[in-house]
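Visitor: Sequence below, structure please.
(2 chains)
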Number of protein chains: 2
Amino acid sequence: SGNVVSFCREWFIKVWEFCTEDVNRVIFSLKVGLAVLLVSLLILFRAPYEVFGTNIIWSILTVAIMFEYTVGATFNRGFNRAVGSLLAGIIAIAVAQFALCTGRVAEPIIIGASIFFIGTLTSFMKLWPSLVQYEYGFRVILFTFCLIIVSGYRIGTPVRTAMERLYSIAIGGFVAVLVNVLICPMWAGEQLHKELVSNFDSVADTLEECVRKYLRDDGSDNSEFSKKVIDEFPDEPAYRKCRATLNNSAKLETLAISASWEPPHGKFRHLFYPWSEYVKVGAVLRYCAYEVMALHGVLHSEIQAPYNLRIAFQSEILEMSTQAAQLVRSLCKDISTMKRSVQTTLVKKVHISTERLQRSIDMHSYLLTSTPDLSDNSSKPPPKLAHALSATPCELSVYSTKSQDDKHDSFETISNKLPRDIPSLAPAGLVRVTSYHELMKKQQRRLLSWPSREVDEFEGVLLEMDSFPRMKALESTAALSLATFTSLLIEFVARLDHLVEAVNDLAQTANFKHEGI
Amino acid sequence: SGNVVSFCREWFIKVWEFCTEDVNRVIFSLKVGLAVLLVSLLILFRAPYEVFGTNIIWSILTVAIMFEYTVGATFNRGFNRAVGSLLAGIIAIAVAQFALCTGRVAEPIIIGASIFFIGTLTSFMKLWPSLVQYEYGFRVILFTFCLIIVSGYRIGTPVRTAMERLYSIAIGGFVAVLVNVLICPMWAGEQLHKELVSNFDSVADTLEECVRKYLRDDGSDNSEFSKKVIDEFPDEPAYRKCRATLNNSAKLETLAISASWEPPHGKFRHLFYPWSEYVKVGAVLRYCAYEVMALHGVLHSEIQAPYNLRIAFQSEILEMSTQAAQLVRSLCKDISTMKRSVQTTLVKKVHISTERLQRSIDMHSYLLTSTPDLSDNSSKPPPKLAHALSATPCELSVYSTKSQDDKHDSFETISNKLPRDIPSLAPAGLVRVTSYHELMKKQQRRLLSWPSREVDEFEGVLLEMDSFPRMKALESTAALSLATFTSLLIEFVARLDHLVEAVNDLAQTANFKHEGI
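Guide: Next up, the predicted model:
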């Protein structure tokens, strides 16, 4: 019994957490309870029951079927039910009157044929792409038509049946809408707004998280990706949110359809608020997120640029990604507060830092490859921009050229040479020589272990070749992964332009207020 | 009236095309018509009507609500309706009996409270994540409970009401299931199977399309991407399909849930067929598709490697992408035919050609940058592998080193030099010099026009610097975009390993037949 108690306890805690996570869930449940109770009272009390009769049970059914989480969805469903019932009623009465005129033998045949025809037609129409959102309406037409025409045939009063059904549905719909709108209304528009804002946040977070992790080297192997391709990455909370962003196009669209049924409310005060623009902005944001996913792929790829190389461009990459994230957050804030601010300063900053990264990568692009020519020291590589980490690239270039000789033997020569080249950084340089060497060895191991299942065959292939080009291949392809990372960052920024544009369009059509005016 | 006729004509053609595109749509519609007709006959004929009474109208409602497109979805909905009605019936009878015992005053209070309680509870439970798929069942419980208990209170026979409702629902459900399964059944499993297979195809097609377009240079500007970020790309039919693949996670999951309700059928002969594995394979495939999307991004990026450089690695890129696409298609065929073939040969081939591309990129990585040291011709670049396009990389290296001088002046010298270096290709080389030069100029224009909105500010920034490093920056960053393209290709192949694994898992759990055994 101790087990049972602890199980109940756990279960209760889970439910409690579920409730406190979003109190709206509890409110929604209570609202449904209240709505069905209100409709039931019409039957439980004698006075209304005598007025409306047993047909009032249809209004209970209406409430149970119509009551949705958001106001917009409830309106949408209510519209479907109302129009569907009305149409079905009109058609049913017309067919029933016509069938009555044709006499006792033809009547059931006409009724049967009409049921078959309506069943086929409504089912076909709800498959039509532009009518899919009215799927429920076609269902309502079908069963309402059948109910009215069949009970009309048996009881003989199709008009009365239709009318009674219609007003009991109207009562149910009325109660459902009243309760839904008057008591703590949950607006689809507001949810859409929040959802989009949180998507912006998660893209910005993931970008920063990715870059931070890329530039950090805590000795841990980043290539867990190889183990499980769709991992949870427990140490990357933002990534999981971003992944959810990629799959939410259907959710945004549903919310936008619901929101378009809602009257002006809260912050969204003007009629015909452009909810569809939210979906467009969401789509552009998703296109930015694809680049972030690709960045994440590079981060967890098995072919990695050595840490020293990554750190050489640290300041440029960090600056650029921070500013890009800031721009995304600023757009997010604009949407969130519904204000229109001029982003040109931020956009310009992002572009300038992008340009800087591009130029820096370019000036030190020799780091990404290892051309044999560099070994003649007479021609010095162009100096890295002053703001970059000054020593590392130069060092690296020296080592990478040396690494083609036997590394172990040339160790002393390098560390002897170093003080001459970069006198101020000799001790740090020495440390880096070692770590770079180790990293390259690690790199080599990694590449040999890739692709995972073909190791044996590959070693054969690799061993056939003389060892010099192989070593080089591993080295520079690995370094090029840094170029990929930066290219993807740059492409992300290029797409940010479109995002800025999309947000501007939204701000214009939605009449966001100008900030500071 | 001519307008009306032509409008009707057009409309009719549209409907006709919609039908012939997928005849199953018409069949489904006719099946629904037939099902409602069959149930209606129970009322239209005198004999069954006298047996069942007016309650039979509930079976029409059941058919209209239960009949879904696929067998699995119909079963699922039928299960929800059956279990929901049964539970609601039992609870309603229990509550009604208890309320009856408490006397005339307490009875309506207890009934009202129970309605409120059930309304709240079912609405709360359907929000619980693992119960969301039974949403419809909770709705059924709510309205069935209300109907039985309210009509029981007014008419006084809750047990009879409950029983009549249950059997009329059973009749409706029975007819719906019979018609759905016996007449041209549409299996969700088969649809899931086809959907996954077509996803594989679209990823392979898009990969090939992307690479083909990347290596083709018909003079057209590939950077339309800048105009509309979410363009339709009318000349890229495969891309659109691939984009649909990215957003279909919800569709696959819904189909898998439906399929899990279906009995063994057609090709899927054993019980508990692992439909959830299909969803997993689909997810891994989506992760591969993200890389293809990134490739597509590079293809339409404004920063482009010059055509000559791209063409230099043509054979390796083409070979690798063709083999990768072939591997995807081979996996696709395995799933499609439900046979298990040994993919090791293909996987090995893909890996070897990846290795080749990697090595080739690496050996000629000096092409991706333009180090000043290369200008001393004494140290020749390492020869490109024999199988690669032999001349182009060498040529390029010569031009890229020369391009730092004034290009126009050094034209003659280069073309004079060429015959000495690569005698057999002199005329072609001359042509390439011009086009490369033009391309670089075009490149420069493109880069200056990026980012689109900040041109003015940027020109200021750029002009501040001496023109030499700028020219270089543009050149080599552009060339690095080729490195990005190949890195993404390589990452795609790395993910293919996981795809092979996922398909193997599917083949194992689904008992695919071994080929050739």
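
Visitor: Run through the neighbouring helices and strands of the helix or strand encompassing residue A:334.
Guide: For residue A:334, the host element (DSSP states H and E) is helix A:314-337. Applying 3 or more Cβ pairs under 8 Å, 6 or more residues apart in numbering or on different chains; DSSP states H and E, we find helix A:314-337 packed against helix A:188-215, helix A:344-363, helix A:467-509. Heads up, the C-betas are built off the backbone N, CA and C, glycines and all.

Visitor: how about JSON lines for the ones you listed, with mean neighbour count added?
Guide: Below are the helices and strands packed on helix A:314-337 laid out as JSON lines (neighbours: other Cβ atoms under 10 Å in any protein chain shown):
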{"stretch": "helix A:188-215", "mean neighbour count": "21"}
{"stretch": "helix A:344-363", "mean neighbour count": "21"}
{"stretch": "helix A:467-509", "mean neighbour count": "22"}
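
Visitor: close to chain B, is the strand or helix carrying residue A:289?
Guide: Per DSSP H and E, residue A:289 falls inside helix A:275-299. Yes: part of helix A:275-299 sits near chain B under the criterion Cβ under 8 Å from any Cβ of the partner chain, namely A:283, A:284, A:287, A:290, A:291, A:293, A:294, A:297, A:298.

Visitor: per-residue pLDDT, the closest residue to residue A:276 other than its chain neighbours?
Guide: With Cβ to Cβ, 6 or more residues apart in numbering or on different chains as the criterion, residue A:276 has its nearest non-adjacent residue at 5.8 Å, and that residue is residue A:256. On pLDDT, residue A:256 comes in at 90.

Visitor: didn't residue A:256 look like it was pressed against residue A:280?
Guide: No: the pair residue A:256 / residue A:280 is not scored as a contact, 9.7 Å apart, by Cβ atoms under 8 Å.

Visitor: Please say which of these two ends up with more neighbours.
Guide: residue A:256 (22 against 16; other Cβ atoms under 10 Å in any protein chain shown).

Visitor: Make sure that one is indeed in a helix.
Guide: Yes: membership of residue A:256 in a helix is supported by DSSP: H, G, I helix; E, B strand; the rest coil.

Visitor: What separation do you get for it and chain B?
Guide: 15 Å (Cβ to the nearest Cβ, to the nearest Å).

Visitor: what does residue A:272 give?
Guide: Taking Cβ to the nearest Cβ, one finds residue A:272 at 23 Å from chain B.

Visitor: for that residue, phi and psi?
Guide: phi 50, psi 50 (degrees, to the nearest 10).

Visitor: Now for it, how many residues are close by?
Guide: Residues near residue A:272, counting by other Cβ under 10 Å: 8.

Visitor: Please apply the same query to residue A:3.
Guide: So residue A:3, with other Cβ under 10 Å, has 7 neighbours.

Visitor: Mind giving me the packing neighbours of the helix or strand that it is a member of?
Guide: Here residue A:3, judged by DSSP H and E, is contained in helix A:2-21. If contacts are counted by 3+ Cβ pairs under 8 Å, 6+ apart, helix A:2-21 sits against helix A:23-44.

Visitor: Indicate whether whichever helix or strand comes after the helix it packs on makes contact with chain B.
Guide: Note on helix A:23-44: by DSSP H and E, the next helix or strand toward the C-terminus is helix A:46-52. Yes: applying Cβ under 8 Å from any Cβ, one finds that helix A:46-52 is in contact with chain B at residue A:49.

Visitor: Between helix A:188-215 and the helix holding residue A:289, find me the angle.
Guide: 20 degrees (axes from the mean of the first three to the mean of the last three Cα atoms, to 10 degrees).

Visitor: For helix A:275-299, name the packing helices and strands.
Guide: Helices and strands touching helix A:275-299, by 3+ Cβ pairs under 8 Å, 6+ apart, are helix A:188-215, helix A:237-246, helix A:249-259, helix A:467-509, helix B:275-299, helix B:467-509.

Visitor: for it, what is the average pLDDT?
Guide: 87.

Visitor: For that helix, buried residues please.
Guide: The neighbour-count check on helix A:275-299 (16 or more other Cβ atoms under 10 Å in any protein chain shown) flags A:275, A:277-299 as buried.

Visitor: same question, stretch A:98-109
Guide: By neighbour count on 16+ other Cβ under 10 Å, the buried set for stretch A:98-109 is A:99, A:107, A:108.

Visitor: Between the two ends of it, how far is it?
Guide: This stretch, stretch A:98-109, spans 12 Å end to end (Cα to Cα, to the nearest Å).

Visitor: Residue A:192 versus the residue minimising distance to the centre of chain A, what's the distance?
Guide: The centroid of chain A falls nearest to residue A:245 when counting by Cα atoms, centre = their mean (1.0 Å). Distance, residue A:245 to residue A:192, using Cβ to Cβ, to the nearest Å: 14 Å.

Visitor: Likewise for residue A:174?
Guide: As judged by Cβ to Cβ, residue A:174 and residue A:192 stand 26 Å apart.

Visitor: Where does pLDDT dip in the stretch 201-350 of chain A?
Guide: For the stretch 201-350 of chain A, the stretches flagged by pLDDT under 70 are A:217-234, A:303.

Visitor: same deal with chain A?
Guide: In chain A (pLDDT under 70), the answer is A:1, A:158, A:217-234, A:303, A:365-477, A:515-517.

Visitor: try 50 this time
Guide: A:222-227, A:229, A:370-474, A:517 (pLDDT under 50).

Visitor: still on that earlier bit, OK, contacts around the residue nearest to residue A:276?
Guide: A:192, A:275, A:276, A:278, A:279 (Cβ atoms under 8 Å, 6 or more residues apart in numbering or on different chains).

Visitor: Ok, residue A:512 next?
Guide: Counted by Cβ under 8 Å, 6+ apart, residue A:512 has contacts A:334, A:338, A:339, A:340, A:506.

Visitor: Residue A:506 now?
Guide: A:274, A:277, A:278, A:280, A:281, A:335, A:512.

Visitor: for residue A:514, same thing?
Guide: A:339, A:340.
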